[in-house]
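[1] Predicted model follows, preceded by the sequence.
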Amino acid sequence: MLGWSPRWQGYLAVAEMEAKTPLRAARISAIHRGGGECIVADSGETTTFNLSYPHPARALEQWPPVVGDWAGLDAEGAIATVLPRVTYLERAGVSRSSLMQPIAANIDALVIVEPLRPSPSIGRIERFVALAHAAGISPWLVLTKADLVDAADAREVLERVDYLVDRAFAVSNAEESSLTPLREAITPHDTLVLVGRSGAGKTTLTNALLGLSLATAAVREGDGKGRHTTTRRQLVATPHGIILDTPGIRALAATPDADAIDETFAAITDLARGCRFADCTHDAEPGCAIREAVDLGDLDAAELDRYRRMRAEAQRQIVRADARLHRAEQRQASKNNTRGRRDAMARKGRRR
Ligand SMILES: Nc1nc2c(ncn2[C@@H]2O[C@H](COP(=O)(O)OP(=O)(O)OP(=O)(O)O)[C@@H](O)[C@H]2O)c(=O)[nH]1
Ligand SMILES: [Zn+2]
């Protein structure tokens, strides 16, 4: 259950040695302002935690837990430590120390949900595949709404995009048996995240896989201050696998990771080794193996175009993130400055 494995057992043992106290393993199932909820591995019970109580441990401040994390709980049930992450999805962040901010951890498969009708977009699939590579997560593809196209068309699309992902399926919600190969591919300890455009069928597929409605899994809980908030559980564990669904995660689509993009466009990356110049932009340089392949019909010009646009977008993201980081640093510097002056004035006041 929950994806617990000997690997986590090992991490927990190390954490217990460092903490010099036994810890209980729990998986973070929801995060909200100031706290969240987690599922305790040995009992299966869900408990809430507060990140500022009893005290914000320094490590937790620097490395706040995200949904999917494994944590070690102390005797009081507070999070003592977050175990190392095997994979994590991140988005451009605003933190002072880094450009990217993790939003979900320990995901085994990024399930790209793309409808067969309207026509699937290979560009959108590629962007999600690059995201998976950047996070070290296995990319899977589920083409939905197979009932709306000919079986031959569905097969043709599957064959065309199969090389991009580790597993590919075509399913129809109208035909229960079409889900069997996907169900069988998921092992009970796999943690999946479903991503895809709006209307692709993610909710429908999630419900079919879990056999329950996520909307009805909403839980009411107190935040300890007497105010009540309704949060949707963001990690749902079932005997058939674990589905993680945090706000904003479904729409993630671009990665600034150039290596992950290169990995996605493996054919282009291979060809690029034959370019005369190592820093060839495949634009106008002489001896460009990629343009030559396009001219010879060995490489699809549209694929090259998508590759170049994705790399350019990644570059723009990095520039934007740098600018954000720079502004955040300036804000912090100005804050420190103000604080310094206030302290100095307070000291003067005491001397008087
Ligand atoms: N014909 C057909 N319709 C489907 C299938 N799967 C989902 N749909 C329909 O497609 C629509 C969108 O499905 P959702 O599951 O809500 O899509 P979603 O990806 O969760 O959408 P967002 O919540 O906007 O991100 C609904 O009307 C579903 O009934 C399918 O296999 N075949
Ligand atoms: Zn080139």
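    On my side now, so go ahead. Just so you know, these numbers come straight off a predicted model, no measurement behind them. Numbering: from 1, shown residues only. Ligands and ions are numbered 1, 2, ... in the order given.
[2] near ligand 1, which residues of the chain show up?
    The chain has residues 144-145, 147-148, 172-174, 196, 198-204, 250 near ligand 1, with proximity defined as C-beta under 6 Å from any ligand atom. Just so you know, the C-beta spots here come from the backbone N, C-alpha and C atoms, and that holds for glycine as well.
[3] are any of these buried, and which?
    144, 145, 172, 173, 196, 200, 201, 202, 203, 250 (16 or more other C-beta atoms under 10 Å).
[4] any idea which residue sits dead centre in this structure?
    residue 89 (2.6 Å; C-alpha atoms, centre = their mean).
[5] Which helix or strand contains it?
    strand 88-92 (DSSP states H and E).
[6] before we move on, what about residue 65?
    Using DSSP H and E, no helix or strand contains residue 65.
[7] Tell me how far it lies from residue 164.
    Residue 65 sits 32 Å away from residue 164, taking C-beta to C-beta, to the nearest Å as the criterion.
[8] so the residue found closest to residue 202 once you drop the neighbours it is linked to in the chain, which of the three states?
    Excluding the flanking residues, the one nearest residue 202 by C-beta to C-beta, 6 or more residues apart in numbering is residue 194, at 4.5 Å. Of the three states, residue 194 takes strand according to DSSP: H, G, I helix; E, B strand; the rest coil.
[9] hang on, the earlier thing: is it possible to get JSON lines of the buried ones among the residues of the chain next to ligand 1 that adds secondary structure and pLDDT?
    Putting those into JSON lines (DSSP: H, G, I helix; E, B strand; the rest coil; pLDDT from 0 to 100) gives the following:
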{"residue": "144", "secondary structure": "strand", "pLDDT": "97"}
{"residue": "145", "secondary structure": "coil", "pLDDT": "97"}
{"residue": "172", "secondary structure": "coil", "pLDDT": "95"}
{"residue": "173", "secondary structure": "coil", "pLDDT": "89"}
{"residue": "196", "secondary structure": "coil", "pLDDT": "92"}
{"residue": "200", "secondary structure": "coil", "pLDDT": "93"}
{"residue": "201", "secondary structure": "coil", "pLDDT": "92"}
{"residue": "202", "secondary structure": "helix", "pLDDT": "91"}
{"residue": "203", "secondary structure": "helix", "pLDDT": "88"}
{"residue": "250", "secondary structure": "helix", "pLDDT": "72"}
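[10] Quick check: which ranges of the protein have low pLDDT?
    1, 52-62, 92-99, 212-233, 239, 251, 339-352 (pLDDT under 70).
[11] Show me where the stretch 201-350 of the chain has its helices.
    202-210, 258-264, 266-272, 289-295, 301-351 (DSSP state H, counting those that start in this stretch).
[12] does ligand 2 sit close to the third one?
    Right, helix 266-272. No: using C-beta under 5 Å from the ion, we find that helix 266-272 stays clear of ligand 2, coming within 5.9 Å at best.
[13] quick one: stretch 308-319 to chain centroid distance?
    Distance of stretch 308-319 from the chain centroid (C-alpha atoms, centre = their mean, to the nearest Å) equals 19 Å.
[14] who's in contact with that stretch?
    Stretch 308-319 is contacted by residues 92, 99, 126-127, 130, 254-258, 261, 264-265, 282 when judged by C-beta atoms under 8 Å, 6 or more residues apart in numbering.
[15] Looking only at that stretch, what residues are buried by neighbour count?
    So stretch 308-319, judged by 16+ other C-beta under 10 Å, has buried residues 308, 310, 311, 313, 314, 317.
[16] list the helices and strands the helix or strand where residue 17 lies packs on?
    For residue 17, the host element (DSSP H and E) is helix 6-19. Here helix 6-19 touches strand 70-73, strand 79-82, going by 3 or more C-beta pairs under 8 Å, 6 or more residues apart in numbering; DSSP states H and E.
[17] Format these as a markdown table; extra columns: mean neighbour count and distance to ligand 2.
    Formatted as a markdown table, the helices and strands packed on helix 6-19 follow (neighbours: other C-beta atoms under 10 Å; distance: least, C-beta to the ion, whole Å):
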| stretch | mean neighbour count | distance to ligand 2 |
| --- | --- | --- |
| strand 70-73 | 24 | 44 |
| strand 79-82 | 22 | 43 |
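[18] closest one to residue 160 among the ones you listed?
    strand 70-73 (38.0 Å; C-beta to C-beta).
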